[in-house]
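**Q** Build the 3D model from these lines:
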Amino acid sequence: MPAEFSEIADTEPSERRHATRRLTSAARWLWRQATEERERWVLWAPVFIGVGVAAYFGFASEPPLWFGAVGLAGAVIMRVALRRWPLPAVVATCLALAFLGLAAAQLRVALVSAPILAREVGKAAVEGRVCEVGLQPHGYRLYLDDVTIAGRAPEATPRRVRVRVGAGFSSGEIGQRIVMAARLGPISAPVAPGAFDFQRDVYFERIGAVGFAFGAPRPAAVQVAGSWAQSLPCRLSALRLTIAERIRAVLPGDTGAIGVALITGDQGAISKPTMQLMRDSGLAHLLSISGLHIGLVAGILFVALRRGLCLVRGLALYHPIKKWGAIAAFAGTLFYVQWCEVNSY
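**A** Below you'll find the model as predicted:
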């Protein structure tokens, strides 16, 4: 063997040994840092659960329904078996949390599974209960549940549909069953790889078709009264629509539409040119109900309630008004989030 090749052969094992030592040293340092943060390990639980959810949505095809549950059970058994060895036990715990997220995603998908239109349905009689309403520049966007479509079997009928209508609808019809002549079609796919996936988002809303109505809807012949829990979202939607219509009556055009977006979170009434101008100017984020808005609402409610309780004579001396204010602010913030939860698709 030539001398130069023998020198190369002698250096290769040495380089591998150095690389192995560096990796071992890095692993020991990482484990030492993790051990020092042992009290904060629980904060990593949502991270590994999220990794499992992301892994589920990263699959090219739907995994078997048992995959997540079996993987979770196997990881838990591994964790119990390796409990005497710290490092393998921690790895098994992380693996169990990841499989927990994957199993939760599979369970959620199975629970919201509903029929989806595969091809367009021509003009047909569509009946359903109005459960939610969104604004449009010229009309409304109705979300119907408990849907029936003339000429279509119940097992092949979507549970929920979204239909655009023009004039002839009022907030008083929210929660009522209506009938209309409409054309429905399947959910559109992403326009490009990695683009917004409309199909995936509406799947979790159990919406199986979208379309538009011919003419104004009319009340159905038979009305079924729902329970209080079922009617509460409808009442909130009706109140939100009433406020929006009042604002648009006082402030017509895009001025009122922007006011509605800031008050109720519904941006559907803003015209496309105005919305494009907002995006170009970098101000479109002001219309969204973001964490900043929620933080402001929570802070305003807490300060106002606490200061208001301080005005009651003797109350602040003998009662935990700070805790009362925090609980009330939390409840009010939850209501605000539900209030502004408008489907903007």
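**Q** residue boundaries of the helices in this structure?
**A** Remark: helices assigned in the chain by DSSP state H are 3-36, 45-58, 66-81, 86-111, 198-203, 228-250, 253-264, 272-280, 291-310, 315-318, 321-339.
**Q** What's opposite the residue lying closest to Glu120 once chain neighbours are set aside in the beta bridge?
**A** Distances taken as Cβ to Cβ, 6 or more residues apart in numbering place Gly185 nearest to Glu120, at 4.2 Å, with adjacent residues excluded. For glycine as for every other residue, the C-beta is placed from the backbone atoms N, C-alpha and C. Counting by DSSP bridges, Gly185 forms beta bridges with Val210.
**Q** State the distance from Gly185 to Phe196.
**A** 18 Å (Cβ to Cβ, to the nearest Å).
**Q** Likewise for Val70?
**A** In this structure, Val70 and Phe196 are separated by 33 Å, where distance is defined by Cβ to Cβ.
**Q** and what of Ala69?
**A** With distances taken as Cβ to Cβ, Ala69 is found 31 Å from Phe196.
**Q** Next, count neighbours for Gly134.
**A** Counted by other Cβ atoms under 10 Å, the residues lying close to Gly134 total 22.
**Q** so it sits right up against Thr264, yeah?
**A** No. Taking contact to mean Cβ atoms under 8 Å, the distance of 10.1 Å between Gly134 and Thr264 leaves them out of contact.
**Q** domain assignment for this protein?
**A** Per the record's domain assignment (automatic domain parsing), the chain is made up of the domains 1-33, 37-111, 121-245, 289-345.
**Q** Quick one: these as TSV, columns for mean pLDDT and distance to Ser271 too.
**A** As requested, the domains of the chain are exported to TSV (pLDDT from 0 to 100; distance: least, Cβ to Cβ, whole Å):
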stretch	mean pLDDT	distance to Ser271
domain 1-33	66	54
domain 37-111	89	34
domain 121-245	83	5
domain 289-345	80	15
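**Q** one step back: neighbour count winner among Ala69 and Phe196?
**A** A count of neighbours by other Cβ under 10 Å puts Ala69 above the other of Ala69 and Phe196, at 16 against 11.
**Q** hang on, the earlier thing: including distance to Lys123, could the helices of the chain go into JSON lines?
**A** Putting the helices of the chain into JSON lines (distance: least, Cβ to Cβ, whole Å) gives the following:
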{"stretch": "helix 3-36", "distance to Lys123": "63"}
{"stretch": "helix 45-58", "distance to Lys123": "36"}
{"stretch": "helix 66-81", "distance to Lys123": "43"}
{"stretch": "helix 86-111", "distance to Lys123": "33"}
{"stretch": "helix 198-203", "distance to Lys123": "22"}
{"stretch": "helix 228-250", "distance to Lys123": "27"}
{"stretch": "helix 253-264", "distance to Lys123": "30"}
{"stretch": "helix 272-280", "distance to Lys123": "27"}
{"stretch": "helix 291-310", "distance to Lys123": "42"}
{"stretch": "helix 315-318", "distance to Lys123": "64"}
{"stretch": "helix 321-339", "distance to Lys123": "36"}
